[in-house]
Structures are given as structure tokens and as C-alpha cells.
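Participant: Next come a sequence and a model predicted from it.
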Amino acid sequence: MRLDFFDLQLFLNIVDTGSLTQGAKRSSISLQAASERIKKLEQQFSTNLFTRHATGVRLTVAGQVFTEQAQLLMQQTKQLQQIMLPFSTGLTSEMTLWCNSSAQSEYLPILLPQYLIENPHIQIDLKEAESSDIIQALEKGSAKLGLISSFFPTHQLQTLEFSEDPLVLICPIAHELNHQTKIKLIESLNYPFVGLMPYHSLQQSIETQAQTLGCIIQYRLRLPNFAAIAQVVANGVGIAIMPKRAAKHLNEIYAFHQIELVGNWANRKLLLAAQNFDALPIAYQHFAHFLISQKSMLSRSS
């Protein structure tokens, strides 16, 4: 079954004017052409849509049902045209993805080029923030989509697993821990640390874990990013904790030893979070689906 939207609009024009003649005039076609189109519609559905009278036409019961559905289809057509207008005119659709530092530096640079090339009308604004701040923004509605650490509770949000993001301990090549392949946090707390700035959510989660063990981490230096920390650790200043993926990349530049951290708290994940994925705008839903679909690729590249 094929429906011609011109025929639907013609039908609605006839209903609106109550006249086949006036409906044809409003549709800018001849009376004969309009009559033939309506006849084909009635043949298609094997029922009369109008009863003809000297003063005009009236809807049958079938015609009333057809009117409701035709109006709905025409409204949906107009909505579709409005939604697709930015693409047909070359305008961009903008999205904002909130993300923590690990997601921004280690994962998104791998994925976003492919998505942007496949979707040339999409513009993505990455907003780096701490996971705790992203969660608050999502709950308040000031953010629509975010990548966060699984360390933080998200009771009011929906989450999907995006990627494994475990933590490792790094130490200088000549450090006395350099023979270790696995270590518990408690076994490292007697050594001086190099850490991130206090406001960093990763740093907060590490210190929270140390406090549950009844310990306080001693810092020799705090720095703003993982690259600076890796350089300082490689120079022998202290030990540090960072995401495994970041350590892997930085180990190609700086010489240090990596040790697997044991414990559920260290085997964290990156989660894609939203208030309600199904209620997101279509562009955000499409982007979220793309991100989750890349999970296996990220696992192979880690």
C-alpha cells in the first residue's frame, strides 16, 4: 500500500471546505483530477470516504477515521521536515558531552573522529569536569549526557557501561617496589606519593580508600595532570596512581614501572550516564548508541 501525501492533503482540504470543488481549488488541481484521486483512495481502502450531496460532501464513518489518521500523518510529516531542515540546509546540530579527564584524554580521541566524519552536521562540545560534578549536573538537568567513574553513586541516573578503566600504581624504575606485579593499596601507603590536585575526583576516591584503611597519604607533590605526574615519578620523586590506559601511553615517553592495583575500588569502569536515555533528543540518543557500540573496540585497544 502506497500513500500519496498530496492525496492526504487534498482529502483534508475537501473535509475543511466541505466541498470537492473548493478542496480541488485549494489544492490547485482541477475538479476532475481531484475526483479521480479521491476515487482511487476509496478503491484503495475498499470503502466510501464521502457521501455526495447537492450542497457538497459529508464524511462517512470510515471517512472520519481516515481524517483523524490523515491529520496525524500530516503533522508527523511537518515535524519530520522541521527536524531534517538543519541537515538539508547544512546547519549543524550541537551536542555537549560532559566527561571526566580519563574519558577526555584516553578514550574519546579514539572514537570521536570516526563519529564526526560519519556525521558531518554534528558539532560536539566536550566539557571536562569531575565525575561528582557531572552527576550533579545530570541530576539537575543542566547536562544531558556524561561519562563518569563508577566509583561514585548514581541512584537518580540511568547508566550504561562504556569501558573498563582500572587503576595502576606507577613507581620509578629503581624503586624498591619495582619487583612487584600486583599490590594492595595498604602496601604502598608508607611511601611518598605524587598526586593530582585535591579537587580531582580520582584523587578524592584514592584518599577515601586510604581513609577506610585508617591511613593518610603523604604527598611530596601535587600536579594538574597525568603527564606531569608520570614525568616526576620517572625522575624518582615518588609513586603515583593513575588509569591503566594513561600509564600505558605515558610509559612510551617516560621510564617507570607499572603495578596492578588489587581491589574492587581500583577495578573501576567508565559509565555513560543520563537521566533517561529514551527521553534524550534524537541526536543524543544516536551518539549514546554509538559510544556504547564501541565498547568491544576499546577493550581490544587497551
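Facilitator: Sure thing, it's come through. Numbering: from 1, shown residues only.
Participant: Going by C-alpha atoms from here, please, whenever you check contacts or count neighbours.
Facilitator: Fine.
Participant: Just give the closest residue to Gly146, not the sequence neighbours.
Facilitator: Leaving aside its sequence neighbours, Gly146 sits nearest to Trp98 (CA to CA, 6 or more residues apart in numbering; 4.4 Å).
Participant: what's the burial count for Leu250?
Facilitator: 18 (other CA atoms under 10 Å).
Participant: got the contact list for it?
Facilitator: Neighbouring residues of Leu250 by CA atoms under 8 Å, 6 or more residues apart in numbering: 227, 230.
Participant: tell me the phi and psi of the residue nearest to Gly146?
Facilitator: Per-residue torsions, Trp98: phi -80, psi 140 (degrees, to the nearest 10).
Participant: That one: neighbour count?
Facilitator: 28.
Participant: So it sits against Ala137, correct?
Facilitator: No: counting by CA atoms under 8 Å, Trp98 does not reach Ala137; the two are 9.0 Å apart.
Participant: Overlap of the contact sets of the two?
Facilitator: Ala143.
Participant: Assign a three-state SS to the closest residue to Arg26 other than its chain neighbours, would you?
Facilitator: In space, Arg26 comes closest to Asn13 once its chain neighbours are excluded; the distance is 6.8 Å by CA to CA, 6+ apart. Using DSSP: H, G, I helix; E, B strand; the rest coil, the structure places Asn13 in helix.
Participant: residue contacts, Asn13?
Facilitator: So Asn13 contacts 22-24, 26-27 (CA under 8 Å, 6+ apart).
Participant: JSON lines for the residues you listed, including neighbour count?
Facilitator: As requested, the contacts of Asn13 are arranged in JSON lines below (neighbours: other CA atoms under 10 Å):
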{"residue": "Gln22", "neighbour count": "17"}
{"residue": "Gly23", "neighbour count": "23"}
{"residue": "Ala24", "neighbour count": "21"}
{"residue": "Arg26", "neighbour count": "14"}
{"residue": "Ser27", "neighbour count": "19"}
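Participant: could those residues be laid out in a markdown table, adding secondary structure?
Facilitator: Below are these laid out as a markdown table (three-state DSSP):
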| residue | secondary structure |
| --- | --- |
| Gln22 | helix |
| Gly23 | helix |
| Ala24 | helix |
| Arg26 | helix |
| Ser27 | coil |
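Participant: which one of the residues you listed is nearest Lys295?
Facilitator: Among the contacts of Asn13, Ser27 lies closest to Lys295 (CA to CA), at 52.4 Å.
Participant: My understanding was that the closest one contacts Leu10; is that so?
Facilitator: Yes: counting by CA under 8 Å, Ser27 does reach Leu10; the two are 5.9 Å apart.
Participant: Help me confirm that Ile259 is found in a strand?
Facilitator: Yes: Ile259: assigned to a strand according to three-state DSSP.
Participant: Tell me how far it lies from Phe151.
Facilitator: Using CA to CA, to the nearest Å, Ile259 is found at 20 Å from Phe151.
Participant: what's the answer for Gln158, then?
Facilitator: 15 Å.
Participant: higher neighbour count, the two?
Facilitator: Set side by side, Gln158 and Phe151 show more neighbours around Phe151, with 19 against 13, by other CA under 10 Å.
Participant: host element of Ser132?
Facilitator: Using DSSP states H and E, Ser132 falls within helix 131-140.
Participant: and the gap between Lys39 and Arg222?
Facilitator: In terms of CA to CA, Lys39 sits 80 Å off from Arg222.
Participant: Also Leu59?
Facilitator: 78 Å.
Participant: More neighbours: which of the two?
Facilitator: Remark: of Leu59 and Arg222, Leu59 carries more neighbours, 18 against 15, as counted by other CA under 10 Å.
Participant: what bridges to the more buried one?
Facilitator: Partner residues in beta bridges with Leu59, using DSSP bridges, are Phe50.
Participant: Return the residues in contact with it.
Facilitator: Leu59 touches 15, 49-51, counting by CA under 8 Å, 6+ apart.
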